[in-house]
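Novice: Please find the sequence and the predicted model below.
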Amino acid sequence: MVRDTIGGMIDSASARRRLVRLLPTWVLLVLGVGMAVVGAFVATRPDLSITVLVVVVGGGFAAAGLARLLSAAQERRPWLERSLGGALLGLGVVAVAWPGTTVQVLARLIGIGLLLSGVGHLVAAVRGRTEERLTSAMGGLAGVGFGMVVLGWPRLTLFLTGIVFGAWLVFFGLQQAIAAILGWRRPPPVPADQPTPRRRWRRRLRAVGAGAALVVAVGLLAGSVWVRAGAPAIVPDAFYTPPTDLPATPGQLLRSQPLATGVPQGAQAWRILYTTTMRDGVPAVASGTVLAPLRRPAGLLPVLSVAHGTTGIVPGCAPSLAPAPFADGAGTALKQLVVEHGWVGVISDYVGLGTAGPHAYLVGEAAARNVLDATRAARQLRPLRLDRRTVVWGHSQGGHGAIWAGSIGPGYAPELDIVGVAALAPATDLVELATGVKNTTFGRVVSAYLAHSWAAYYPQLDMNRLVDRRYRRTVSRIGQRCFSGRDALAAAAITSQLFGPIFTASALTGSFADLLRANSPHELVAAPLLVAQGDADPLVLPTMQRQWVAARCAAGQQLDFRSYPGLDHLSLVAADSPLTPALVAWAQARLAGNPAPTTC
């Protein structure tokens, strides 16, 4: 009798309808709880591999699409929910089934999914009830904004996917689970247009959530635009335009002008314009700065000639145009030598950064001539009386230029007595530099500067053949930015989203590789040479530096190599670096004529 009764219940039309109604509810509950659990796991494990993230993203989109399909019948616009559900389900299948899904493909799928979700909300805003339009519009704009951010930062998406996508799974899963639980015991039907306390609270909560999401999306979009736009371009003023009747002799002072911006207390400064030479003795004009103590001791003042690090490769990137023209590299040590010890600092801008280019980025002899000619020109600046004794130092690109200045100085500018050369994290082996950091963010910036600069300086090179065709526009964009402030952030942000090196696999062979080797410092430096390197440097690699030092020692170069554990490319020359007092003491010892230590 009991079996007959149960069978009759199941066979009844009302029981079948109830079972059909509860089946989507059960599935929604399981899907919701499952998504919340998986999302919580992923959100707390942002170091997951690409394989795991593909499964999570694919499964998450598929679950979200299925949830929309199951709940479509209960929505005011079932066709819209079914369309979005089908699209999300399709994206999930594509993510999992795509052979060898990469970060780039995964980011595009996530971006498309967010855009689809946003478009769905926007359609609902147009066609939905009046009281829900604002909420739908905010949610739609937020979805579109998040999608655009994801598509604009594909590599960053891999890092944030575990956190952001995991949090989205938790939120969406809990939403579906709660809706399923509430759906088991429905209150008596109320007309859709009749407000109830429950509906009012749901609308308010949805509005608050959509508004918060929109604020975050707008903030991310605005930040992305701000970062990628970089800083407004600086246009050099008339000071940097040379006169028409240029003297043929290099190192001639053309004009000078007092400089007040960024001058350390206890010092005074000028910016200068002077003659120099490019390759093959072609005349050129460069700019620079001179820093002198206000209280100058009697007699001739020793000179510190500074080769500055990378600031860019186009006019407007000159240190003399920067808000802090004397902060480059070991700026604290420069200030101490000038203000406390009575030296005069001379910094060349190099050709092409204040004056017309092209700028010879990491072209060794061109940088050396610019540095030496700036010191020659500063000797003509009145009321200064400069000693012949000169110490040359530089950081990074400037370290490369300082070594070159030390090697060609006795022949190119014999009137200068170079008593010491200090190279701080110098770019010594350009082939190793180009290959060792080609897949890093700042390594790609250096590659882009090389490609853009050498395309103009060495017209015989076919840089379009050497640069990956996908990144030629990127190289041009980065080449127009200075490597300071917002521009440095923009350049790093742009290159951080590339999925491969700037140069092609075959680029580092043939004539390009030959020029890289030719511009690596390889001649002996007659003056005492100090090479300082941070052991945690991700740009100028410590292994490369040690190999170069060993090779130079074997060639007969006497040098003092100092390695600093835990210091990277910038912290090596920071104000609190142990190198700072050591550099001041080393320069003072060279001026005094003390024997130079050597580690060879």
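Specialist: Okay, I see it. Numbering: from 1, shown residues only.
Novice: Can you verify G288 is assigned to a helix?
Specialist: No - counting by DSSP: H, G, I helix; E, B strand; the rest coil, G288 is not part of a helix but strand.
Novice: All further residue positions should be reported with the first residue as 26.
Specialist: Sure, I'll start numbering at 26, so the last one becomes G313.
Novice: residue contacts, it?
Specialist: 296-297, 299, 345, 371-374, 399, 402-403 (CB atoms under 8 Å, 6 or more residues apart in numbering). Heads up, the C-betas are built off the backbone N, CA and C, glycines and all.
Novice: count of neighbours near V148?
Specialist: 16 (other CB atoms under 10 Å).
Novice: and it, what element?
Specialist: Taking DSSP states H and E as the criterion, V148 maps to helix 128-152.
Novice: can you list contacts of that helix?
Specialist: For helix 128-152, contacts defined as CB under 8 Å, 6+ apart pick out 75, 78-79, 82, 86, 102, 105, 108-109, 112-113, 116, 119-120, 123, 157-159, 161-162, 164-173, 175-176, 178-180, 182-183, 186, 190, 524.
Novice: For ChimeraX, what selects the buried ones among those residues?
Specialist: Buried residues within these, by 16 or more other CB atoms under 10 Å, are selected in ChimeraX with:
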select :78,79,82,86,105,108,109,112,113,116,119,120,157,161,162,164,165,166,167,168,169,170,171,172,173,175,176,178,179,182,183,186,190
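Novice: For the stretch 376-525 of the chain, just list every one of the strands.
Specialist: 411-420, 442-449 (DSSP state E, counting those that start in this stretch).
Novice: In this protein, what helix or strand scores lowest on average pLDDT?
Specialist: Least confident helix or strand, the chain: helix 27-36 with a mean of 41, by mean pLDDT, DSSP states H and E.
Novice: returning to that earlier point: quick one: which of the contacts of G313 is nearest to R321?
Specialist: If you rank the contacts of G313 by distance to R321 using CB to CB, A403 comes first, at 14.0 Å.
Novice: Would you mind measuring from that closest one to E440?
Specialist: According to CB to CB, to the nearest Å, A403 stands 13 Å off from E440.
Novice: These two: which is more packed in?
Specialist: Using other CB under 10 Å, the more surrounded residue of A403 and E440 is A403, with 28 against 10.
Novice: do you know how far the more buried one is from T336?
Specialist: Using CB to CB, A403 is found at 20 Å from T336.
Novice: circling back to that earlier point, which one (most neighbours) among the contacts of G313?
Specialist: Neighbour max across the contacts of G313 (other CB under 10 Å) = S373, 36 neighbours.
Novice: wait, what's in contact with the closest residue to it other than its chain neighbours?
Specialist: Once flanking residues are discounted, S373 sits nearest to A399: 3.8 Å by CB to CB, 6 or more residues apart in numbering. By CB under 8 Å, 6+ apart, the residues touching A399 are 276, 297, 299, 301, 311, 313, 330, 371-373.
Novice: so how far is L411 from A399?
Specialist: Separation of A399 from L411 (CB to CB): 12 Å.
Novice: now G191
Specialist: According to CB to CB, G191 and L411 sit 64 Å apart.
Novice: Enumerate the positions of the helix holding V148 that are buried.
Specialist: By neighbour count on 16+ other CB under 10 Å, the buried set for helix 128-152 is 128, 131-150.
Novice: Ok, stretch 392-412 next?
Specialist: Buried residues in stretch 392-412, counting neighbours by 16+ other CB under 10 Å, are found at 392-404, 406, 409, 411-412.
Novice: ok now it, how far from the chain's centre?
Specialist: Its chain's C-alpha centre and that of stretch 392-412 lie 35 Å apart, by CA atoms, centre = their mean, to the nearest Å.
Novice: neighbours of A473, just the number please.
Specialist: 26.
Novice: my read: it touches R506, true?
Specialist: No - shown here, A473 and R506 do not form a contact pair, counting by CB atoms under 8 Å, at 9.3 Å.
Novice: what is in contact with these two at once?
Specialist: With CB under 8 Å, 6+ apart, A473 and R506 have common neighbours A516.
Novice: any idea how far V371 is from the residue nearest to S373?
Specialist: For A399, the distance to V371 - CB to CB - is 5 Å.
Novice: Once you drop chain neighbours, what's closest to the spatially most central residue of the chain?
Specialist: Centroid-nearest residue in the chain: A517, 1.4 Å away (criterion: CA atoms, centre = their mean). Spatial nearest neighbour of A517, excluding adjacent residues (CB to CB, 6+ apart): T466 at 5.2 Å.
Novice: Quick one: residues contacting that neighbour.
Specialist: 517, 520-521 are the contacts of T466 under CB under 8 Å, 6+ apart.
Novice: Which ones among those lie within helices?
Specialist: Mapping these onto helices (DSSP state H) picks out 517, 520-521.
Novice: Take the residues you listed and write them to a markdown table, including pLDDT.
Specialist: Converted to a markdown table, the ones in helices among the contacts of T466 look like this (pLDDT from 0 to 100):
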| residue | pLDDT |
| --- | --- |
| A517 | 77 |
| T520 | 78 |
| S521 | 73 |
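Novice: Save the residues you listed as a markdown table, and put in distance to V550 too.
Specialist: Formatted as a markdown table, the ones in helices among the contacts of T466 follow (distance: CB to CB, whole Å):
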| residue | distance to V550 |
| --- | --- |
| A517 | 33 |
| T520 | 33 |
| S521 | 37 |
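Novice: where in the stretch 426-575 of the chain is pLDDT low?
Specialist: Of all residues in the stretch 426-575 of the chain, none has pLDDT under 70.
Novice: What of the stretch 76-225 of the chain?
Specialist: Within the stretch 76-225 of the chain, the stretches with pLDDT under 70 are 96-102, 124-126, 128, 152-157, 179-190, 193, 196-197, 200-201, 204-205, 207-225.
Novice: Go again with 50.
Specialist: Counting by pLDDT under 50, the ranges of the stretch 76-225 of the chain that qualify are 210-213, 215, 217.
Novice: how about the helices of it, start to end?
Specialist: Along the stretch 76-225 of the chain, the segments classed as helices by DSSP state H, counting those that start in this stretch run 103-122, 128-152, 155-177, 179-185, 191-209, 222-254.
Novice: What is the distance between the helix holding V148 and the centre of its chain?
Specialist: Relative to the centre of its chain, helix 128-152 is centred 28 Å away, using CA atoms, centre = their mean.
Novice: Which residue ranges make up the domains of this protein?
Specialist: Split into domains by automatic domain parsing, the chain comes to 27-209+224-254, 263-454+545-617, 457-541.
Novice: okay, those, which one's buried deepest?
Specialist: domain 263-454+545-617 (a mean of 21; mean count of other CB atoms under 10 Å).
Novice: Quick one: end-to-end distance for that domain.
Specialist: End-to-end span of domain 263-454+545-617 (CA to CA, to the nearest Å): 41 Å.
Novice: and if you look at stretch 599-609?
Specialist: End-to-end distance of stretch 599-609 (CA to CA): 14 Å.
Novice: average model confidence for it?
Specialist: For stretch 599-609, the mean pLDDT works out to 95.
Novice: what does that stretch contact?
Specialist: So stretch 599-609 is contacted by 355-358, 361-362, 366, 418, 447, 449, 555, 557, 587, 589, 592, 596-598 (CB under 8 Å, 6+ apart).
Novice: which residue sits closest to A349 in space, ignoring its chain neighbours?
Specialist: Among residues not flanking A349 along the chain, G287 sits closest, at 4.3 Å (CB to CB, 6+ apart).
Novice: ugh, typo on my part, it should be L359
Specialist: Going by CB to CB, 6+ apart, L359 has G370 as its nearest residue, at 5.2 Å.
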